[in-house]
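1. make a model of this:
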Amino acid sequence: METLKGLKRTAYCAEFDMKNVGQEITVYGWVQRQRDLGNLIFIDLRDRSGIIQLSFNNDTDKEIFEKARSVRSEWVVAAVGTVAERESKNPDIPTGDIEVMVSELRILSKAETPPFVIENSETVGDETTLKYRYLNLRNEKLTKNILMRHKIAKIARDYFYDNDFIEIETPMMIKSTPEGARDYVVPSRIHKGKFYALPQSPQIYKQLCMIAGFDRYIQLARCFRDEDLRADRQPEFTQIDLEMSFIEINDLLEMAEGFIRKLMKETINVELPENFPRMSFEEAMNKYGSDKPDTRFEMLIEDISDWADKTDFVVFKNAIAEGGAVKAIVAKNAAGAYTRKKIDKLTEHAKGIGAKGLAYIRWADEEPNCSFNKFLKEGELASLIEQLGAEKGDVVFIISDKTRKALTIMGALRLIVAKELDIIPEGKWNYLWITEMPFFELDEDSGEWVAAHHPFTMPMEESIQYLDSDKSKVNAQAFDLVLNGCELSSGSMRITNCELQTKMFELLGMSQEEIDAKFGFLVDAYHYASPPHGGMGIGLDRLAMLICGAESLRDVVAFPKVQNASELMSGAPSYVDDVQLQELSLEIIGEEE
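-> Model (predicted):
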């Protein structure tokens, strides 16, 4: 193989255009395609920026010409030549107006035939592309996604640096503390029988930074949670983590809005409003059936409990008698799409997510067809249709159950129906703050109130009086940032009073002994005075996924895990040998078959 000796890259492949015509340049990269037309040879040379065409003809040195003839896909080459205007232009690529008339070609590395065609890897199964991830990352789409992720990270650092934030790295091996998900644990060789945990977030450490006096902290923090995966979740992820002292909640939201506005403008040239809309948790649940609502389309949830309670339909009446509710959505102009067969399929889906059934009104003909019409008295159906503003051509879907369950199910159906009707507009970026979050949630199985947030979240001042008497009235100084139905960030103001912090631990069922063992160092720190502070973590992976228009986090993570948290390329996780186990005083008592 040849070397680069004496050659220096002029620029990346896609950085050349018509202004470079006549200039001698040097480029490096991978051969995406070679086309041998006899007396003409063309090579599409690819690097991380894109593609440029190398051209060889009768004027090319014969040795160089024959070398070009030998080149195959994915070989690594270096080329020196003169930029010229192309006769047959390609409007589909940035360099489509030019080509390089090659005067020197060096073959730096030869490749075996790849297991798939790089530029068509989208048509290949995940099992293959993830096994050969280093090849799949050469695909233009994935390359652009990774470069966009890099750009997002750079903009984040630039923005927060410009606003006086200090980047502080917090430990990767920490004490295991309850934060809502399972920890990944690391055994200690030196301290037999003891374990570190990988951080679910830098939460405690960034609060300690506030107590230490670093009043503005930023970190692109790696976080780890041992939980089941899905399209927008990986076991390890990155968040743009920040904390601020001497602030009120509005200061924190405004700082985050400034970053998002800068980010959207500098990445995809989208202008966002000066202030993002805000919606209370309760309003979001009642209107959208979700604490991360997609507000790009209407189809709001309506409460029809008062109407339903006056009917003779026992399904509705029983739900209301048990303290529940009856909820409805109106799918405009959906009667043509939602045939009886399609509604039956939607009903099965609803049952699959917890619904007892799905009532409906389908107005396709002159008279509306109502699935529960035989239980209605004269005029009741007309009254409901008028209340909902339904018209001919519409379909009404109705769920009855415990109020929160009915809302959640209807919220999920709202999204399904919108996607099936294709009414979610493209190109809209609806950022939204969800505020006034409940501090506790009622576990319907146990009947116990459990924390909805981490235990360092500050309750609203007016709610503190209800901590012992009525947990349903306790709201948190917490918030979420939502984009098009996807939660991007959670944050809150923090408790800074050691007595209140201890009380919150106790309300979560922790004994004083447990508090001392798990959080004693934090409680001790509060005895030395803490500034008012709050913070948040913005999901870098999810943000990149949405900006890139990707369907999964896998498309914006260089080396992702699959559904069972394994990494197909390297084979992680894997067994370790007995010597390592002995050093760690560990024994495997059960292995996978």
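
2. just the strands in the stretch 251-400 of the chain please.
-> Along the stretch 251-400 of the chain, the segments classed as strands by DSSP state E, counting those that start in this stretch run 278-280, 302-303, 325-331, 359-362, 369-370, 395-401.

3. what's the spacing between the second one and its chain's center?
-> So the one you mean is strand 302-303. In terms of C-alpha atoms, centre = their mean, to the nearest Å, the centre of strand 302-303 is found 30 Å from the chain centre.

4. before we move on, what about the fifth one?
-> With C-alpha atoms, centre = their mean as the basis, strand 369-370 stands 40 Å off its chain's centre.

5. again, but for the last one
-> Here the centre of strand 395-401 is set off from its chain's centre by 30 Å, with C-alpha atoms, centre = their mean.

6. pull out the buried positions in stretch 113-123.
-> Within stretch 113-123, the residues scored as buried using 16 or more other C-beta atoms under 10 Å are F116, I118, E119, S121. Glycine gets a C-beta too; all of them are placed from N, C-alpha and C.

7. run through who's touching that stretch.
-> The contact list for stretch 113-123, computed with C-beta atoms under 8 Å, 6 or more residues apart in numbering, reads 32, 72-74, 124, 128-129, 132, 135-136, 138-142.

8. try 10 Å this time
-> Residues from elsewhere that reach stretch 113-123, judged by C-beta atoms under 10 Å, 6 or more residues apart in numbering: 30, 32-33, 44, 46, 51, 72-74, 124-125, 128-129, 131-132, 135-142, 555.

9. now which of those residues would you call buried?
-> Among those, those buried by neighbour count (16+ other C-beta under 10 Å) are 30, 32-33, 44, 46, 51, 73-74, 124, 129, 131-132, 135-140, 142, 555.

10. would you point out which residue is most central in this protein?
-> Centroid-nearest residue in the chain, with C-alpha atoms, centre = their mean: R542, separated by 2.4 Å.

11. distance of it from I146?
-> Note on R542: its distance to I146, by C-beta to C-beta, to the nearest Å, is 15 Å.

12. what's the answer for R72, then?
-> Distance of R72 to I146, given as C-beta to C-beta: 25 Å.

13. how about the strands of the stretch 251-400 of the chain, which one is nearest D92?
-> D92 lies closest, by C-beta to C-beta, to one member of these: strand 325-331, at 39.0 Å.

14. show me what the closest one is packed against.
-> Under the contact criterion of 3 or more C-beta pairs under 10 Å, 6 or more residues apart in numbering; DSSP states H and E, strand 325-331 touches strand 302-303, helix 305-309, helix 314-321, strand 359-362, helix 380-388, strand 395-401, helix 403-421.

15. and the ones you listed as TSV, adding mean pLDDT, mean neighbour count and distance to A550?
-> Shown next, in TSV, are the helices and strands packed on strand 325-331 (pLDDT from 0 to 100; neighbours: other C-beta atoms under 10 Å; distance: least, C-beta to C-beta, whole Å):
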stretch	mean pLDDT	mean neighbour count	distance to A550
strand 302-303	98	18	34
helix 305-309	96	17	40
helix 314-321	95	16	40
strand 359-362	97	22	35
helix 380-388	96	16	37
strand 395-401	97	26	30
helix 403-421	96	20	17
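
16. could you give me the buried positions within the longest helix seen in the chain?
-> Looking across the chain with DSSP state H, the single longest helix is helix 140-162. Judged by neighbour count (16+ other C-beta under 10 Å), helix 140-162 contains these buried residues: 140, 142-143, 145-146, 148-149, 152, 155-157, 159-160.

17. pLDDT on the next helix or strand along the chain from that helix, on average?
-> Heading C-terminal from helix 140-162, the first helix or strand you meet, by DSSP states H and E, is strand 166-167. The average of the pLDDT scores along strand 166-167 is 98.

18. report all helices and strands that the helix or strand bottoming out on mean pLDDT in the chain contacts.
-> Least confident helix or strand of the chain, by mean pLDDT, DSSP states H and E, is strand 449-451 with a mean of 77. When contacts are defined as 3+ C-beta pairs under 10 Å, 6+ apart, strand 449-451 packs onto strand 440-442, helix 498-507.

19. G354 touches T408, doesn't it?
-> Yes - if you go by C-beta atoms under 10 Å, G354 and T408 touch, sitting 7.8 Å apart.

20. joint contacts of the two?
-> Common neighbours of G354 and T408 are listed as I399, D401 (criterion: C-beta under 10 Å, 6+ apart).

21. what about the residue nearest to the centre of the chain, distance to G535?
-> Going from R542 to G535 by C-beta to C-beta gives 18 Å.

22. try V124
-> Applying C-beta to C-beta to V124 and G535 gives a distance of 42 Å.

23. cool, L384 as well?
-> 47 Å.

24. wait, L584 touches V576, no?
-> Yes - with contact defined as C-beta under 10 Å, L584 counts as touching V576 (8.6 Å).

25. quick one, which of the two is more surrounded?
-> L584 (16 against 12; other C-beta atoms under 10 Å).

26. residues touching the closest residue to A452 other than its chain neighbours, list them.
-> Nearest residue to A452 in three dimensions, chain neighbours excluded: E441, at 4.7 Å (C-beta to C-beta, 6 or more residues apart in numbering). Shown in contact with E441 (C-beta under 10 Å, 6+ apart): R404, E448, W449, V450, A451, A452, H453, K471, S472.

27. again with E322
-> S400, D401, K402.

28. ok, the residues you listed vs D97, which is closest?
-> D401 (62.0 Å).

29. got the contact list for A328?
-> Taking C-beta under 10 Å, 6+ apart, one finds 300-305, 307-308, 359-361, 384, 387-388, 390, 396-400, 406, 410 in contact with A328.

30. sorry, back to before: next, format the strands of the stretch 251-400 of the chain as a markdown table and append distance to C498.
-> As requested, those are exported to a markdown table (distance: least, C-beta to C-beta, whole Å):
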| stretch | distance to C498 |
| --- | --- |
| strand 278-280 | 30 |
| strand 302-303 | 43 |
| strand 325-331 | 42 |
| strand 359-362 | 53 |
| strand 369-370 | 60 |
| strand 395-401 | 42 |
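
31. between these, which gets nearest to E436?
-> Minimum separation from E436 across the strands of the stretch 251-400 of the chain (C-beta to C-beta) falls at strand 278-280, 4.2 Å.

32. want to throw the helices and strands packed on strand 325-331 into JSON lines with distance to M493?
-> Listed next are the helices and strands packed on strand 325-331 as JSON lines, based on distance: least, C-beta to C-beta, whole Å:
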{"stretch": "strand 302-303", "distance to M493": "32"}
{"stretch": "helix 305-309", "distance to M493": "35"}
{"stretch": "helix 314-321", "distance to M493": "38"}
{"stretch": "strand 359-362", "distance to M493": "43"}
{"stretch": "helix 380-388", "distance to M493": "40"}
{"stretch": "strand 395-401", "distance to M493": "34"}
{"stretch": "helix 403-421", "distance to M493": "26"}
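
33. for M458, find the nearest of those.
-> So among those, helix 403-421 is nearest, using C-beta to C-beta, at 24.4 Å.

34. which secondary structure elements does the closest one contact?
-> Against helix 403-421 (3+ C-beta pairs under 10 Å, 6+ apart) you get helix 281-288, strand 302-303, helix 314-321, strand 325-331, helix 340-352, strand 395-401.

35. separation between A525 and A221?
-> Distance from A525 to A221, by C-beta to C-beta: 20 Å.

36. with A153 instead?
-> For A153 relative to A221 (C-beta to C-beta), the value is 12 Å.

37. which neighbours do the two share?
-> By C-beta under 10 Å, 6+ apart, the residues touching both A153 and A221 are T238, I240, L540.

38. among those residues, which are in strands?
-> T238, I240 (DSSP state E).

39. out of the shared contacts of A153 and A221, which one sits closest to K192?
-> Nearest to K192 among those, with distances taken as C-beta to C-beta, is T238, at 33.0 Å.

40. which residues of this structure score low on pLDDT?
-> Within the chain, the segments meeting pLDDT under 70 span 179-180, 230-232, 444-445, 591-593.

41. same thing but at 80, please
-> Residue ranges of the chain with pLDDT under 80: 178-180, 228-232, 442-451, 453, 508-509, 590-593.
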